[in-house]
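>>> Okay, predicted coordinates and the sequence, questions at the end:
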Amino acid sequence: MILDFSHLIFGVVLLASTGALHIITVKWEYKWGTKGWWIFLIAGIISIVSSFFISSMLIKGSLVILGVNLLWTVHEVSKQYDRVEKKWFPEGPGHKREKMSRTKR
């Protein structure tokens, strides 16, 4: 019987990237507000697109997991702004708080 640890590795990548990006999101919003959210968008797209050109299933799956987490971080930066507005988190010192432009409904 051959043991396949790829699923365990995918779980570790998911847990590690989600945890790290949560911390990064909080610190990012504290220091820069919602500015620069597009960096997470571009990084997520690059990560997912690059997975199409890699033959290793382990690396490919890890890149997709990381890419989806990076894309979700775009949303979370905006939500973190809302959490700061509700006083759940401290406001960053010395930067203007500019909300991401949202379309009016």
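Perfect, I can see it now. Numbering: from 1, shown residues only.
>>> Where is the longest helix in this protein?
Of all segments of type helix in the chain, defined using DSSP state H, the longest is helix 57-85.
>>> what comes up buried for that helix?
Residues 61-71, 73-74, 76-78, 80-81, 84 are the ones in helix 57-85 that count as buried (16 or more other Cβ atoms under 10 Å). All C-beta spots, glycine's among them, are computed from the backbone N, C-alpha and C.
>>> Over to stretch 12-23?
13-14, 17, 21.
>>> Take those residues and lay them out in JSON lines including secondary structure and distance to D4.
Converted to JSON lines, these look like this (DSSP: H, G, I helix; E, B strand; the rest coil; distance: Cβ to Cβ, whole Å):
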{"residue": "V13", "secondary structure": "helix", "distance to D4": "15"}
{"residue": "L14", "secondary structure": "helix", "distance to D4": "17"}
{"residue": "S17", "secondary structure": "helix", "distance to D4": "21"}
{"residue": "L21", "secondary structure": "helix", "distance to D4": "27"}
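>>> Closest one of those residues to W32?
L21 (15.2 Å; Cβ to Cβ).
>>> hmm, back to that, from the buried residues of stretch 12-23, which single one is nearest S47?
Looking across the buried residues of stretch 12-23 and measuring by Cβ to Cβ, the closest to S47 is S17, at 10.0 Å.
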